[in-house]
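The following comprises the amino acid sequence and a computationally predicted model.
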Amino acid sequence: MTVMDLQALQRLLAEAGFGGPPPYVVEDVGDWGVRLRLPITESHQRPGGTVSGPALMALADAAAWLAVLAQIGPVVLAVSTSLHIDFLRKPELVDVVADGLLLKLGKRLAVIDVSLRSDGREELVAKAQVTYYIPPG
């Protein structure tokens, strides 16, 4: 059962201190995890007309973080301990959508599978597995 809904997660992003408006938009949340959108701007572009790898990694990490917080509440000190990502194909210069699927939620660790797609496309541009540490209390 989710403890934080879509609006609560979006508020948390707004208060997270990105130095401006939140870079992500929460599109869906449920017991399964979250869907997060990265609106692509010129700052995400890399040579070759594609989205940069660091932007994709940050999106995967944010989707995993919010998938965990949706279940446990605003424990902002939950941190990633591991992030493995495979870049599968060149993303188009359009928004990137991440589906963070909560695979396991334990007392101290959570494991999240994150699929990244260019908006409107079925094929994956990247796939990540992220492990999060949940602090006591």
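On my side now, so go ahead. Numbering: from 1, shown residues only.

so what's the backbone phi/psi at residue 49?
phi 70, psi 50 (degrees, to the nearest 10).

Wait, residue 84 touches residue 127, no?
No - assessed by Cβ atoms under 8 Å, residue 84 is found out of contact with residue 127, at 9.0 Å. Where C-beta positions appear, they are placed from N, C-alpha and C, glycine not excepted.

Looking at those two, which is more packed in?
A count of neighbours by other Cβ atoms under 10 Å puts residue 127 above the other of residue 84 and residue 127, at 15 against 10.

Report the contact partners of the residue lying closest to that one once chain neighbours are set aside.
With Cβ to Cβ, 6 or more residues apart in numbering as the measure, residue 86 is the residue that lies nearest to residue 127, at 5.1 Å, once sequence neighbours are left out. Under the criterion of Cβ atoms under 8 Å, 6 or more residues apart in numbering, the neighbours of residue 86 are 126-128.

and these, which of them are in strands?
With DSSP state E as the criterion, strands contain 126-128 from among the contacts of residue 86.

Pipe the residues you listed into a markdown table and attach distance to residue 100 and pLDDT per row.
Output for the ones in strands among the contacts of residue 86, formatted as a markdown table (distance: Cβ to Cβ, whole Å; pLDDT from 0 to 100):
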| residue | distance to residue 100 | pLDDT |
| --- | --- | --- |
| 126 | 13 | 98 |
| 127 | 12 | 98 |
| 128 | 9 | 98 |
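
Out of those residues, which is nearest to residue 67?
Nearest to residue 67 out of the ones in strands among the contacts of residue 86 is residue 128 (Cβ to Cβ; 11.7 Å).
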